[in-house]
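Chemist: quick one, structure for this:
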Amino acid sequence: MDYLTNNIAVNLKRIRTTRGMSLDAAAEQTGVSKSMLHQIETGKGNPSINVLGKITSGLRIEFADLIASPREESLLIDITKASPTKEQPGEFKVWTCFPYEDNKNVEIYRIDIEAGKFYLSGGHGENTREYIAVIKGELTVETKDGKSRVRENQVFRFSTETVHRYINSGAENLSFICVFVAN
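Modeler: Next up is the predicted model:
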């Protein structure tokens, strides 16, 4: 489940249950079927913008309240069950694990790159640093300051104000975690 689907699922269920509403009552108030509401709350539904509009109107909530990052402090993301947020088949996949949130200046991604391929990333703004931890494979990071090689179980930090490139410099597929921190 991607982070937006998770946000909607968690927020809808929280809003409904804190109001003491059953799925039947929420269905009646929103005009969205009980089964669709259940699918959305369990992260198995893919609601259209029209359905989300009915939910926000019927529950009298702002759309932003439905898609906002949940207020919970603990959240488990299973990449194997999530859809990539960016993908070039046969080259790379990018998953947004945790996007920037209110009052949090951190963003976390998982990136997989096929052997011999690369991923070009734009700059991430002034005073932003990136921390990379290689899970599997060998990564070459190309920045304005040159190239740096990062291997399994190594961590690398650099400034991400400008365009940079991640290159799979090994013979096997590469997986790594990127943590962006804005100062």
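
Chemist: which elements pack onto the strand or helix carrying residue 133?
Modeler: According to DSSP states H and E, residue 133 maps onto strand 128-136. With contacts taken as 3 or more C-beta pairs under 8 Å, 6 or more residues apart in numbering; DSSP states H and E, strand 128-136 sits against strand 146-151, strand 155-159, strand 174-182. (Glycine included, C-beta is placed from N, CA and C.)

Chemist: now with 10 Å, please.
Modeler: Secondary-structure packing of strand 128-136 (3 or more C-beta pairs under 10 Å, 6 or more residues apart in numbering; DSSP states H and E): strand 106-113, strand 138-143, strand 146-151, strand 155-159, strand 174-182.

Chemist: tell me who's in contact with residue 112.
Modeler: Listed by C-beta atoms under 10 Å, 6 or more residues apart in numbering, the contact set of residue 112 reads 79, 84, 87, 91-95, 119, 135-137, 168, 173-176.

Chemist: of those residues, buried ones?
Modeler: The neighbour count (16 or more other C-beta atoms under 10 Å) marks 84, 92-95, 119, 137, 168, 174-176 as buried among the contacts of residue 112.

Chemist: quick one: which of those is nearest residue 33?
Modeler: The shortest gap between residue 33 and any of those belongs to residue 84, at 29.6 Å (C-beta to C-beta).

Chemist: isn't there a strand covering that closest one?
Modeler: No - counting by DSSP: H, G, I helix; E, B strand; the rest coil, residue 84 is not part of a strand but coil.

Chemist: please name the nearest non-neighbouring residue to it.
Modeler: Once flanking residues are discounted, residue 84 sits nearest to residue 93: 4.2 Å by C-beta to C-beta, 6 or more residues apart in numbering.

Chemist: since that was my last question, I'll sign off now.
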